[in-house]
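> I would like to see how this sequence folds:
(chains A, B and C)
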Amino acid sequence: MKKYVLVRALYSVVTLWLLVTIIFGLVRLTGDPVAMKAEAGADAAYVAQLKSDWGLDRPLHWQYLGFVGRLLRGDFGHSFEKSLPVRDIYFERLPNSLKLGFAAFVISVVLGVPLGMLSALKVNSGWDNAGKMVALLGLSMPGFFVGLVLIIVFGINLGWLPVLGKGPSTFVWSMPSTWMPFWFRDWAYLAMPAFALGWYFSGAMLRITRSGMLDVLGSDYIKLVRLKGVPERMVVAKHALKNSMIPVLTFAGLNLLIMVNVAVVIEVIFNWPGVGQLLYDALSNRDFPMVQGVVLMSGLMIVVLNFTIDVLYGYVDPRIRLSR
Amino acid sequence: MATIPIGAGPTITAQRVARRRYRVFFRNAPIVPLLIVTVLALVAVLAPVIAPHGKLDPVKPTQDRCLAKYGTADCPYVDNVPPFWAHGGTLDTPLGTDFLGRDVLSRLMYGASISLVVALTGTLFAGAIGTVLGVLAGYMGKWWDQIIMRITDAWLTLPSLVFAILLSSVRGPGLWNVVLILALVFWSRYSRAVRAEVLAIREREFVKLAEINGIGKLTIIWRHIIPNVMNTVMVLFSLQVGVAVIIEASLSFLGVGVPPPEPSWGLMMAQERESLMEGRWWLAVFPGACITMLVLSANMLGDWLRVRLDPQLRNR
Amino acid sequence: MIKGLLALIAVVGLALMSCGEAAAQKGTAPAILAGPLAKLDIKPAQIDTARGTPKGTLTVAMHFALDPGWLDVLEHSYAVTQQMYDYLVHDAMIKPMPYGYVTYGLAEQAELAADFRRAAFRLRPGLKFHDGQPVTAADVKWTYENFKGAYAKVFHDKLEYVQIPDDRTIVFHFKEPFIDFMDLYNGGVSGIGWIVPKHYYEKVGRDGFKARPIGAGPYKLVSQQAGVQMVFEAFEDYWRRSPATKTIVVKGVRDLTARMAGLQTGELDLAFGMTGKLMPRLMADANLRWDPNFTGPWWLIFPGYNESGNPFRDKRVRQAISLAINRSFLVKQETQGIGKPWGNWISPENRDALQGAEAPVPEYNVEKAKQLMAQAGVPDGFEFEYVPFPPYFDMGERILTDLRAIGLRGKMQTLEGPAFRAKIGQGRKGFPGNRTIAQNIDPRAGGAKANVAVYAVCGSSASFVCEPQIEALWTKHQASLDQQERERLIKAIQRILLDEYYFVPIYWNPFVHAVGPRVLPEGRAVSRYWDTLNAPYPWPWEIWEVKADR
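Numbering: from 1, shown residues only, chains lettered A, B, ... in the order given. This next block holds a predicted model:
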């Protein structure tokens, strides 16, 4: 077990280092941030000063070493565009993205899992197709369209829900009293963006649940349970459902992170102050430290999550747990 | 057929069986999605022939239409004409015109070719790269596996937006940028699944037999491994096509997709979202409906394919 | 004898009275500088200075993500949008206000020597920063010397030394005649006139100042979420008046449909950049009001036009392009008729800009355009690249449609805002290729010469024009110390640019702003908030009034 964990940890470190290097190189190919900040009419002295302030006048390998060195100390540098430390800005936005991601995840589970179960139990029937249609419809419409229709109908025409931003509640890392209330307040602002994002992912949830259930329902274990005469309902509820939850949960964790990073379009339409919009603004302005910081933090979360899942799987699997 | 070489035996058997299965294959296929995809493909190919008007130029207006809208006898174009069933619509432009007086129906037809080309080629390239890397990682093992998988893991965490902006600033915005983005971002989805598949196939008897007989690794990959991962790849491909279309629309919304004035569906939706607010819903909804139809059909076909090609589920 | 004495007393009395009047007219302040002074056109601002109690909240939506760095005026960028924050948190010695290009702000008196080698200011009495500390000449000197933003090099190179006769007076001595000093020192042009508190900046340092800035302006920064939102509260001890609105919340809302939705649900009170397809909706909504807010004219540039092999080298081709654009129809379609087809590329609100009869609107004549194309040897047209100003891509498509009528087939190159501005800033280098037309707009203040200096002279890195005729005039302009000769030369340069079609103006752009129902006063009177000249945004902020919060 120990060797397994160590090997997995090593993989994670290598992956992270690869990510650091790849993003360092990619971002520097995107353009010249100095040219973007210095408008038409800027004199050469101003441009040179910007360059030196941002450390872009040093040779590339020095920039890379400096970057990695500061990373190891937890310093992601100062944003070119926003002039404040990248880490502070990122962590200020992260709770917002997590809130949206959690809510969307819950909605995708509520929409997708029951439809997936239904679809698996009544394969290829009308129910199967109808259920698939509803969930897949979410996958088939671009997020900005769904979002805009929701805004027009529920925000402007009916006036039921606010359309901009996340509401006044904030998550302040240094004040634990704000931690719990943050997740449950201002749900009116959360409703539409979470629904738009959740609907999109409910298709994936449906698929996973459906295929998981189908796998389990066709397995020998279930055949045995049926032979024993257990009523069908019990078969489904007690045995099939529990076992098919494992792949759902695995995917869920990863999905949550992907949602956090992929929700750019929803964040722009609803002006939700999340990490996706942060990345988009940073990319538009070629804000190297911010792009690097956001991508690396997201990558770190995904790598850590994968590592945890691998270790849990290893623990659950007796072959690995009991090995040296 | 003359003497059958030992190493090639199982493949030829598989081929004969596959040919017979072909007819049985499409037995339970979902008709409507298949029909939709076929129609869209035909429209895409025949657009220059069957489209009533051009894709970039405004429809030439008649005098009374100019008079009705602007009060002058002559005008460059008549914009925002509603669909033919609404008041003010005309059968000449059955689905209406956009802000530049261009016929929506014609642009939708040309848009079919753009959206399909982008989605199909992007996914194809992604699939090709991902399959090759997955096969190499799975079959060659050792260092190949480690390096490719670590790169795949790292690559999976990179947001597609980074590539979108990178490419549009390096090459300037364009249609092939979107194809490249799709290829660069999605190959990693393929390589994981293919690698897992290859790991299983590697243990199968006919592969082991081929190895014992001294057949070269590349030949084995080409003759045995790749045909047998095709199932997985095809399923992934059909599912990814839908994702690709949506990604193209999102990139157009963010301003880094197919550039105007090309009529890609995603771009039409993104450009006309303000018209949606204005009440001219048809300008955004028609391209949206096309996208939805295409993606839904691709997804349902993909789901059906997965069940069809999965040996365990085949008999359900 | 008594009659003579009475007459003498009368004369002396009259003399004294007139002296007193003269003294009263000049105010209690004597001249700071000795010697003849240059004539300056600085007025007091004309706004309501009632001191009431601030009430209500005004929510403003910017059309891009907010930059916290803009609160630091010591590193003031060239971007005109930074002035939005300047007017909120800081105050300048002189700045544009209703109704002058330059009005007195922190300074109550400004003088420029006739030989342009000395400039002096006197601060008003009783000025305070947000922390209660007084604004002194030492702060003005410190700001000047530590300024690192736009035009810093010019200011530092020309300065010889600074003299502070007393707490409220400061005199700048220059190495050579600095005729543009007052124009550049103007808060609407550069950031050096926005005064930073020396004691506070030195205490908290650069990072601390960016996170929690302090100034002498009407609003204090209360909180911010980087890039998303900033909350400001009224500084009631502001010298000019106590602001009418208690809280101003500035949000970054980059999507136009989101801004429109916010206005209609009441979550926003003021939104910028409401142009294009949503204008009919805006105009039709009875709850919302809007101001045309003319900024600058659009114009087309031809990068690399004077190189061989470039099809735009021929003046007839450029003229054909100008003739082919249907400006009146364009304005109707793109701006619902609010925009004004224009004959110059510099805004008429800028000093010395050609306008009216001097720069008539170019005509629309497709036949003549085709003839010119044929004369130039390209009757069938050619293909080219078109780079529109983001996010006005619809307008770009309309222009491309017009140009297609004379055979010019354009391919649009869409960029994001910062990427486009970077290319413009790099001038010819930003547009590789020799078949490009770019569309630009630049409402910068500082007089027509500021625009010319950036876009029309060889020495500027952003310039697309390099013509010996213009260079000769420009050199004369820079060497001249006579305001009227300078005005004549600048107008001559504009004349050449327009007559030779190096620039093709299109229309004067209305950068429409919209306000919601909570903004007072009711009705159309709300347009007084846009009375500051040459300002693309509605300031000052201290006069904005909203209904009190429920």
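
> from here on, contacts and neighbour counts on C-alpha atoms
Will do.

> per-residue pLDDT, the residue of chain C at minimum distance from chain A?
Closest approach between chain C and chain A, counting by C-alpha to the nearest C-alpha: residue C:425, at 3.8 Å. Here the pLDDT value assigned to residue C:425 is 87.

> Wait, it touches residue A:43, no?
No. Contact status for residue C:425 versus residue A:43: not in contact, 10.3 Å apart, counting by C-alpha atoms under 8 Å.

> Between the two, which is the more surrounded one?
With other C-alpha atoms under 10 Å in any protein chain shown as the criterion, residue C:425 and residue A:43 differ in neighbour count, and residue C:425 comes out ahead with 25 against 18.

> So what's the residue count around the closest residue to the more buried one other than its chain neighbours?
By the measure of C-alpha to C-alpha, 6 or more residues apart in numbering or on different chains, the closest residue to residue C:425 outside its immediate chain neighbours is residue A:40, 3.8 Å from it. The number of residues packed around residue A:40, counting by other C-alpha under 10 Å, is 25.

> Next: residue B:191.
Residue B:191 has 28 neighbours, counted by other C-alpha under 10 Å.

> and what of residue C:458?
Neighbouring residues of residue C:458 were enumerated by other C-alpha under 10 Å; the total is 18.

> Surely it forms part of a helix?
No. Residue C:458 sits outside any helix when classified using DSSP: H, G, I helix; E, B strand; the rest coil, being coil.

> That one reaches residue C:466, doesn't it?
Yes. A contact is recorded between residue C:458 and residue C:466 when judged using C-alpha under 8 Å, the distance being 4.7 Å.

> returning to what we had before: for the residue of chain C closest to chain A, give its distance to residue C:440.
Note on residue C:425: its distance to residue C:440, by C-alpha to C-alpha, to the nearest Å, is 11 Å.

> hang on, the residue nearest to residue C:425 packs against residue C:424?
Yes. Residue A:40 is within contact range of residue C:424, at 6.3 Å (criterion: C-alpha under 8 Å).

> what about the chain, any weak spots by pLDDT?
Since no chain was named, I'll use chain A. Across chain A, the stretches falling below the confidence threshold (pLDDT under 70) are A:124, A:235-244, A:246-247, A:250-254, A:257, A:260-261, A:317, A:319-324.

> look at chain B instead
B:1-29, B:310-316.

> What parts of it come near chain A?
B:150-151, B:153-155, B:157-159, B:161-162, B:165-167, B:169-170, B:242-243, B:246-247, B:249-250, B:253-254, B:269, B:273, B:277, B:288, B:291-293, B:295-296, B:299, B:316 (C-alpha under 8 Å from any C-alpha of the partner chain).

> Show me just the buried residues among these.
The neighbour-count test (16 or more other C-alpha atoms under 10 Å in any protein chain shown) applied to the residues of chain B next to chain A identifies B:150-151, B:153-155, B:157-159, B:161-162, B:165-167, B:169, B:242-243, B:246-247, B:249-250, B:253-254, B:269, B:273, B:277, B:288, B:291-293, B:295-296, B:299 as buried.

> who's in contact with the residue in the stretch 101-250 of chain B that chain A sits nearest to?
Across the stretch 101-250 of chain B, the shortest distance to chain A (C-alpha to the nearest C-alpha) belongs to residue B:166, at 4.5 Å. Residue B:166 sits next to A:26-27, A:29-31 when contact means C-alpha atoms under 8 Å, 6 or more residues apart in numbering or on different chains.

> Please identify the residues of chain A in proximity to chain C?
Contact residues (C-alpha under 8 Å from any C-alpha) of chain A with chain C: A:35-43, A:45-46, A:81-84, A:89, A:92, A:151-152, A:155-156, A:159, A:162-164, A:268-271, A:273, A:278, A:281, A:284-285.

> in which helix or strand would I find residue B:227?
Following DSSP states H and E, the helix or strand that holds residue B:227 is helix B:226-254.

> That helix and chain C, are they touching?
No. Looking at helix B:226-254 against chain C by C-alpha under 8 Å from any C-alpha, there are no contacts, and the closest approach is 9.0 Å.

> list the buried ones in that helix?
So helix B:226-254, judged by 16+ other C-alpha under 10 Å, has buried residues B:226, B:228-254.

> picking that back up, from the residues of chain A next to chain C, list just the buried residues.
Taking 16+ other C-alpha under 10 Å as the criterion, what is buried in the residues of chain A next to chain C is A:35-43, A:45-46, A:81-84, A:89, A:92, A:151-152, A:155-156, A:162-164, A:268-271, A:273, A:278, A:281, A:284-285.

> Now, the residues you listed that are in strands?
Taking DSSP state E as the definition of strands, those contribute nothing to them.

> give me every residue that touches the residue of the stretch 101-250 of chain A found nearest chain C.
Closest approach of the stretch 101-250 of chain A to chain C (C-alpha to the nearest C-alpha) occurs at residue A:156, with a separation of 5.8 Å. Taking C-alpha under 8 Å, 6+ apart as the contact definition, residue A:156 lies against C:261, C:264-265.

> So which of those residues is the closest to chain B?
Checking those against chain B by C-alpha to the nearest C-alpha gives residue C:261 as the nearest, at 8.8 Å.

> Is it correct that that closest one is in contact with residue A:165?
No. Between residue C:261 and residue A:165 there is no contact, the gap being 11.8 Å when judged by C-alpha under 8 Å.

> Give me the more crowded residue out of these two.
Taking neighbours as other C-alpha under 10 Å, residue C:261 and residue A:165 compare with residue A:165 leading, 26 against 23.

> Surely the more buried one touches residue A:268?
No. Residue A:165 is not in contact with residue A:268 according to C-alpha under 8 Å; the separation is 9.6 Å.

> So which of the residues of chain A next to chain C belong to helices?
Counting by DSSP state H, the part of the residues of chain A next to chain C found in helices is A:35-37, A:45-46, A:89, A:92, A:268-270, A:278, A:281, A:284.

> Turn these into CSV, including distance to chain B.
Compiled in CSV, those are given as follows (distance: C-alpha to the nearest C-alpha, whole Å):
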residue, distance to chain B
A:35, 13
A:36, 12
A:37, 16
A:45, 26
A:46, 24
A:89, 19
A:92, 20
A:268, 9
A:269, 10
A:270, 14
A:278, 12
A:281, 11
A:284, 7
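
> would you turn the residues you listed into JSON lines with distance to residue B:104?
Conversion of those to JSON lines gives the following (distance: C-alpha to C-alpha, whole Å):
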{"residue": "A:35", "distance to residue B:104": "39"}
{"residue": "A:36", "distance to residue B:104": "37"}
{"residue": "A:37", "distance to residue B:104": "40"}
{"residue": "A:45", "distance to residue B:104": "52"}
{"residue": "A:46", "distance to residue B:104": "49"}
{"residue": "A:89", "distance to residue B:104": "44"}
{"residue": "A:92", "distance to residue B:104": "44"}
{"residue": "A:268", "distance to residue B:104": "27"}
{"residue": "A:269", "distance to residue B:104": "25"}
{"residue": "A:270", "distance to residue B:104": "28"}
{"residue": "A:278", "distance to residue B:104": "35"}
{"residue": "A:281", "distance to residue B:104": "33"}
{"residue": "A:284", "distance to residue B:104": "31"}
